[in-house]
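Asker: Sequence and computational prediction follow.
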Amino acid sequence: MRRVHRKQRVRARHVHRRAARPSATARLQRSAAAGLAHVLYANSSNGALATAQRVERYRPLIEAEARGSGFSADTLEGIVFLESGGYSDAIAGSDPVAASGLTQIVAQTGAGFLHMRVDLRRSRKLTFRIQRAEARGSYRKADRLAAIRRRVDQRFDPADALAATVRYLTVARGYLGRDDLAVASYHMGIGNLQGVIARWAGAPLSASTTRLVRAARLSYAKLFFTSTPDRHALAWARLNALADDTRNYYWKVLSAERIMWLYRNNPRALQAEEWLQGQKNSAEEVIHPRTHTWRFARPKDIVRAERRHTLVPLPSSPGKTYIAVSPFLGQMAHRLHHSRRIYRALRPAAHDILLYIGERVHELSGSKRPLLVTSAVRDLRYQNALKHVNENAARSYSVHTTGYAFDLARSYSSRRQAAAVQFVLDRLEALNLIAYIKETDAIHVAVASHAGRRLRALRADA
């Protein structure tokens with residue numbers, strides 16, 4: 001009996017672990033939300049923390065409007081963060097015919113689809129008068145005019161705007177069959193997303209979207225990550241054709257949700273992440289914070305790491321890997337009395353990602369011309385010497401000194417190869433495996449330390 005009970009307990013633990021383990025969809029959502037968060041930190045008015053403070057004021061109203069809708073208050077709050085940054089009088093431009101209000105509703109959509117009161121003629125006049133009053137410093141007058149505008153144009157009334165957004169999401173869910181697809185459609189449009197889904201399924205555009213979604217168990221994560229230029233290509237082409245980074249809208253809503261969660265539950269962590277996100281034009285210091293990442297101080301540290309295989313040489317067979325090494329890589333080595341060869345190495349994770357980029361770009365473009373690596377690992381002494389001759393070299397902390405970064409020359413054999421490079425980088429960023437910055441002549445790529453392991457798991461699942 002004891003053996004039976006022991007077996008039952010072990011089996012129960014395994015079942016519990018499987019139940020506790022996040023699904024593939026949840027893992028992809030978490031990765032994309034983290035990988036694409038930088039733009040929220042970079043573009044938030046006065047910073048992400050200040051934006052979270054503005055959005056938090058509307059939390060009671062958001063909870064009231066979300067109640068009973070089937071959509072979480074967190075999701076609605078994420079939309080508010082992303083759309084207006086908590087400004088109820090926000091206008092995309094200066095004319096209220098465009099997206100306006102707390103949830104940025106276009107005048108035509110508000111009046112025609114969501115049955116809101118939108119007197120555009122009066123709204124325009126009031127907007128002009130509000131702007132003129134504010135320019136003159138007559139803020140009380142501006143507030144009185146804004147109150148009138150909220151009555152004639154409901155998009156500027158926070159409660160009405162939130163209620164309309166919930167109505168939109170509810171209708172969208174009816175057409176699309178899932179909450180996540182409904183949220184993705186808020187920026188993309190229901191019809192556009194239906195078209196993407198039909199192309200993904202290889203079905204007529206008139207086919208029932210809810211049936212296609214149900215049959216394929218199609219989450220937005222599955223739709224997005226399985227659509228590539230060589231797989232579900234029509235769906236990818238349609239997603240890629242939509243302007244304004246529309247395909248990443250859902251991930252940004254999830255990023256905004258996470259920022260709001262941190263604001264309420266761990267404000268110090270949010271403050272720290274905001275600082276890290278602000279250090280570079282990418283999230284590279286989030287994946288490799290300078291206070292927690294080992295850096296090579298001297299050339300002999302790099303030599304020692306290569307002997308221990310914690311650094312591996314760059315590929316030397318461009319005909320097989322489609323990666324070539326610039327003859328100028330390591331050109332400052334002579335100043336340190338060392339061979340250029342020692343600087344032609346990377347951490348294993350960065351090496352794996354580099355090989356993947358070369359292989360995948362070749363598959364997508366058909367080009368046999370290799371991509372050119374112009375920078376790899378450096379030590380602090382090399383970095384210091386480089387600062388005097390290269391204006392783009394980091395003045396303080398460079399991820400190159402960790403071995404987790406490399407640069408690729410922006411020189412391609414064709415537009416097709418250039419497009420393939422862009423796709424691969426964007427997809428790796430969405431998987432939170434890299435952060436990259438486009439410079440004048442090169443693309444600087446920083447690789448997460450877990451990237452090699454995660455990439456192998458993804459390729460095994462494919």
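Answerer: Ah, there it is. Because the structure is predicted, anything quoted here is derived from the model rather than measured.

Asker: What residues does Leu336 make contact with?
Answerer: Neighbouring residues of Leu336 by C-beta atoms under 8 Å, 6 or more residues apart in numbering: 299, 381-382, 385. The way it works is simple: take the backbone N, C-alpha and C, and place the C-beta from them, glycine included.

Asker: For these, give me a markdown table that also has pLDDT and neighbour count.
Answerer: A markdown table is the format used below for the contacts of Leu336 (pLDDT from 0 to 100; neighbours: other C-beta atoms under 10 Å):
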| residue | pLDDT | neighbour count |
| --- | --- | --- |
| Pro299 | 95 | 19 |
| Arg381 | 92 | 18 |
| Tyr382 | 93 | 26 |
| Ala385 | 87 | 18 |
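
Asker: Can you tell me which of those residues is nearest Arg54?
Answerer: Of all these, the one sitting nearest Arg54 is Tyr382; the distance, using C-beta to C-beta, is 44.5 Å.

Asker: The closest one is in what secondary structure piece?
Answerer: Using DSSP states H and E, Tyr382 sits within helix 380-387.

Asker: starting at the chain centroid, how far to that helix?
Answerer: 32 Å (C-alpha atoms, centre = their mean, to the nearest Å).

Asker: Sheet partners, orientation included, of the next helix or strand after that helix?
Answerer: Note on helix 380-387: by DSSP H and E, the next helix or strand toward the C-terminus is strand 405-409. Strand 405-409 has the following strand partners under DSSP bridges: strand 371-375 (antiparallel), strand 442-447 (antiparallel).

Asker: out of these, which comes closest to Gln29?
Answerer: Per C-beta to C-beta, nearest to Gln29 of the strands paired with strand 405-409: strand 442-447, 21.5 Å.

Asker: from the chain's centre, how far out does that closest one sit?
Answerer: In terms of C-alpha atoms, centre = their mean, the centre of strand 442-447 is set 16 Å apart from its chain centre.

Asker: Check which helices and strands the helix or strand just after that strand is in contact with.
Answerer: Per DSSP H and E, the first helix or strand lying C-terminal to strand 442-447 is helix 451-461. Under the contact criterion of 3 or more C-beta pairs under 8 Å, 6 or more residues apart in numbering; DSSP states H and E, helix 451-461 touches helix 348-365.

Asker: which regions of the chain sit below the pLDDT cut-off?
Answerer: Applying pLDDT under 70 to the chain picks out residues 1-21, 389, 391-395, 460-462.

Asker: Show me how it divides into domains.
Answerer: Annotated domains of the chain cover 24-74+173-278, 291-461 [automatic domain parsing].

Asker: Adding distance to Val166, write those out as JSON lines.
Answerer: Compiled in JSON lines, the domains of the chain are given as follows (distance: least, C-beta to C-beta, whole Å):
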{"stretch": "domain 24-74+173-278", "distance to Val166": "5"}
{"stretch": "domain 291-461", "distance to Val166": "28"}
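
Asker: Looking at those, which is nearest to Glu285?
Answerer: With distances scored as C-beta to C-beta, the stretch of the domains of the chain nearest to Glu285 is domain 24-74+173-278 (4.5 Å).

Asker: Give me the spatial nearest neighbour of Ala215, chain neighbours excluded.
Answerer: Counting by C-beta to C-beta, 6 or more residues apart in numbering, Ala215 lies nearest to Ala201, which is 7.9 Å off, once chain neighbours are set aside.

Asker: Could I get the phi/psi values of His288?
Answerer: In terms of degrees, to the nearest 10, the main-chain angles of His288 are phi -140, psi 80.

Asker: isn't it right next to Ile434, touching?
Answerer: No. Contact between His288 and Ile434 fails when scored by C-beta atoms under 8 Å: they sit 11.1 Å apart.

Asker: Now for those two: what residues contact both?
Answerer: Both His288 and Ile434 are contacted by 446, 448, under the criterion C-beta under 8 Å, 6+ apart.

Asker: which of those two has more neighbours?
Answerer: Shown here are His288 and Ile434; by other C-beta atoms under 10 Å, Ile434 has more neighbours (27 against 22).

Asker: From Glu284, how far out is the more buried one?
Answerer: Computed as C-beta to C-beta, to the nearest Å, the Ile434 to Glu284 distance reads 9 Å.

Asker: Give the residues shared as contacts by those two.
Answerer: The overlap between the contact sets of Ile434 and Glu284 (C-beta under 8 Å, 6+ apart) consists of Ala446.

Asker: how about the domains of the chain, which one is nearest Phe128?
Answerer: Among the domains of the chain, the nearest to Phe128 by C-beta to C-beta is domain 24-74+173-278 (22.4 Å).

Asker: and the end-to-end length of that closest one?
Answerer: Distance between the two ends of domain 24-74+173-278: 30 Å, counting by C-alpha to C-alpha, to the nearest Å.

Asker: do the same with stretch 323-330
Answerer: 17 Å.

Asker: go on, stretch 153-161?
Answerer: Taking C-alpha to C-alpha as the measure, stretch 153-161 stretches 10 Å from start to finish.

Asker: Other residues contacting it?
Answerer: Stretch 153-161 has contacts (C-beta under 8 Å, 6+ apart) with 58, 61, 65, 88-89, 96, 100-103, 105, 107, 110, 116-120, 122-123, 126, 146, 149-151, 164.

Asker: Next, the distance between the ends of stretch 170-184.
Answerer: Terminal residues of stretch 170-184 are spaced 13 Å apart (C-alpha to C-alpha).

Asker: List of residues touching that stretch?
Answerer: Contact with stretch 170-184 is made by 69-71, 75, 79, 113, 169, 185-186, 190, 193-194, 197, 209-210, 213-214, 218-221, 223, 249-250, 253, as judged by C-beta under 8 Å, 6+ apart.

Asker: repeat for stretch 203-221
Answerer: So stretch 203-221 is in contact with 24-25, 28-29, 32, 174-178, 180-181, 183-184, 194-195, 197-198, 200-201, 222, 250, going by C-beta under 8 Å, 6+ apart.

Asker: Could you do stretch 441-455 as well?
Answerer: With C-beta under 8 Å, 6+ apart as the test, stretch 441-455 has contacts from 282, 284, 287-288, 347-353, 356-357, 374-375, 399, 404-410, 421, 425, 428, 431-437.

Asker: just stretch 281-298 next, same as before
Answerer: Defining contact as C-beta under 8 Å, 6+ apart, one finds that stretch 281-298 is touched by 35, 37-38, 42, 273, 276-277, 279, 302, 305, 377-381, 397, 399, 401-405, 432, 435-437, 444, 446-449.

Asker: Please spell out which residues along that stretch are buried.
Answerer: Within stretch 281-298, the residues that count as buried by 16 or more other C-beta atoms under 10 Å are 282-288, 293, 295-296.

Asker: same check, this time on stretch 141-161
Answerer: Within stretch 141-161, the residues scored as buried using 16+ other C-beta under 10 Å are 142, 145-146, 149-150, 152-161.

Asker: can you give me the helices for the stretch 151-300 of the chain?
Answerer: Here the stretch 151-300 of the chain has its helices, by DSSP state H, counting those that start in this stretch, at 158-176, 179-188, 190-201, 209-216, 220-225, 233-241, 249-265, 267-277, 284-287, 299-307.
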